[in-house]
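>>> everything below, folded, please.
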Amino acid sequence: MPRLRSLALPAVAAVLTLAGCGLGAGEGTKGTTLTVTLDFGERVLLDSDAPRTDGQDTVMRLLQRNAKVTTRYGGGFVQSIDGKGAVQGAQPVDWMYYVNGIEAPEGAAATQVHDGDRVWWDRHTWAATQHIPAVVGSFPEPFVHGIGGKRYPVLVECATIGSAPCTAVSKRLGSLGVVSATNRIGSSFTQHTIRILVGPWEAVRSDPGARRIEDGPAASGVFATPSKDGTSITVLHGDGSRARVLGPGSGLVAATAVADQPPTWVVTGTDAAGQLAAAGALEESALKDRFALAISGGQGVHVPEVGP
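Numbers count the residues shown, from 1 in each chain. Next up, the predicted model:
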């Protein structure tokens with residue numbers, strides 16, 4: 001069953017919660033942003049750094065306050081935003097939402113908006129997977145404001161502590177005011193911690209959660225699959241089909257999650273140059289509205305890739 005679905009798919013229609021209404025009147029949340037896109041972030045419909053808020057809004061009420069919305073199944077799930085509706089065809093398309101880059105565990109009418117939250121709705125096909133647990137396109141979240149109004153410890157796990165990519169990631173987080181610890185990949189057991197794994201794929205894949213990325217979007221929610229030896233990265237289309245294969249000098253920034261744990265981010269590459277390129281892509285301008293990002297020839301490659 002999809003955990004964080006913004007729309008009611010047949011599998012979750014029976015567990016809908018209350019219709020979208022605010023949790024109370026009063027001063028709106030501060031620092032909230034609202035983004036609405038199509039096709040895995042490829043086309044932007046709405047991008048507001050200062051959406052209208054009122055009281056303790058839910059994600060649904062925030063959306064309704066700032067866009068024209070129709071709902072279904074008793075008002076708990078979105079049918080259309082600004083005239084762009086769900087489609088049940090050969091490739092089913094629905095509206096999904098993420099808060100601070102995390103697929104929420106409840107319907108939008110039951111999810112509260114907190115100060116600093118980045119709320120992102122995207123309409124895309126779920127033919128390849130019904131579950132995308134984490135995305136990178138709300139960076140610097142969830143590192144700055146956390147999840148559900150709670151900040152989490154951040155751990156940078158590196159294949160080689162002190163390497164250029166490892167240092168670059170730690171410095172980037174520090175520039176955002178995020179205090180992070182550094183350790184070797186797999187050297188400690190951590191729960192309730194946001195982790196960033198940095199290094200060649202052969203080292204990163206030693207982590208069981210990260211290794212699921214090799215098995216495709218149905219397993220991890222990531223539409224790019226590194227080869228086991230890490231020398232290539234296959235970028236997929238939104239339906240799960242192969243789009244292109246990236247070779248030397250290529251990098252990948254992606255996020256996934258296991259069960260109810262905070263997300264694990266992956267900063268990896270096919271070689272040292274690719275790893276450094278991925279570390280350098282930890283910028284809001286590079287990651288904005290991306291489910292994941294590959295880097296090839298110094299250029300960003302959208303993941304999944306949209307189009308033929």
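>>> so where's the stretch 151-300 of the chain uncertain?
Within the stretch 151-300 of the chain, no stretch has pLDDT under 70.
>>> let's see it at 80
Counting by pLDDT under 80, the ranges of the stretch 151-300 of the chain that qualify are 188-190.
>>> in it, which spans are helices?
Applying DSSP state H, counting those that start in this stretch to the stretch 151-300 of the chain gives helices spanning 164-175, 201-204, 208-211, 217-220, 272-280, 284-287.
>>> switch the ones you listed over to JSON lines; also include mean neighbour count and distance to residue 230.
Using the backbone N, CA and C atoms, a C-beta is placed for each residue, glycine as well. Output for the helices of the stretch 151-300 of the chain, formatted as JSON lines (neighbours: other CB atoms under 10 Å; distance: least, CB to CB, whole Å):
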{"stretch": "helix 164-175", "mean neighbour count": "18", "distance to residue 230": "14"}
{"stretch": "helix 201-204", "mean neighbour count": "22", "distance to residue 230": "3"}
{"stretch": "helix 208-211", "mean neighbour count": "18", "distance to residue 230": "12"}
{"stretch": "helix 217-220", "mean neighbour count": "21", "distance to residue 230": "16"}
{"stretch": "helix 272-280", "mean neighbour count": "23", "distance to residue 230": "9"}
{"stretch": "helix 284-287", "mean neighbour count": "14", "distance to residue 230": "22"}
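>>> would you turn those into a markdown table with distance to residue 64?
What follows is the helices of the stretch 151-300 of the chain, written out as a markdown table (distance: least, CB to CB, whole Å):
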| stretch | distance to residue 64 |
| --- | --- |
| helix 164-175 | 35 |
| helix 201-204 | 41 |
| helix 208-211 | 35 |
| helix 217-220 | 30 |
| helix 272-280 | 38 |
| helix 284-287 | 27 |
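>>> wait, which of the ones you listed is closest to residue 91?
Among the helices of the stretch 151-300 of the chain, helix 217-220 comes nearest to residue 91, with 13.5 Å by CB to CB.
>>> can you tell me what sits against the closest one?
Helix 217-220 is contacted from outside by 128, 129, 132, 133, 212, 213, 223, 236, 240, 256, 304, using CB atoms under 8 Å, 6 or more residues apart in numbering.
>>> filter those residues down to the buried ones.
128, 129, 132, 133, 212, 213, 223, 236, 256, 304 (16 or more other CB atoms under 10 Å).
>>> so which of the helices of the stretch 151-300 of the chain comes closest to residue 140?
helix 284-287 (6.4 Å).
>>> contacts made by the closest one with the rest, please.
By CB under 8 Å, 6+ apart, the list of residues contacting helix 284-287 from outside reads 136, 137, 139, 140, 253, 281, 293, 300.
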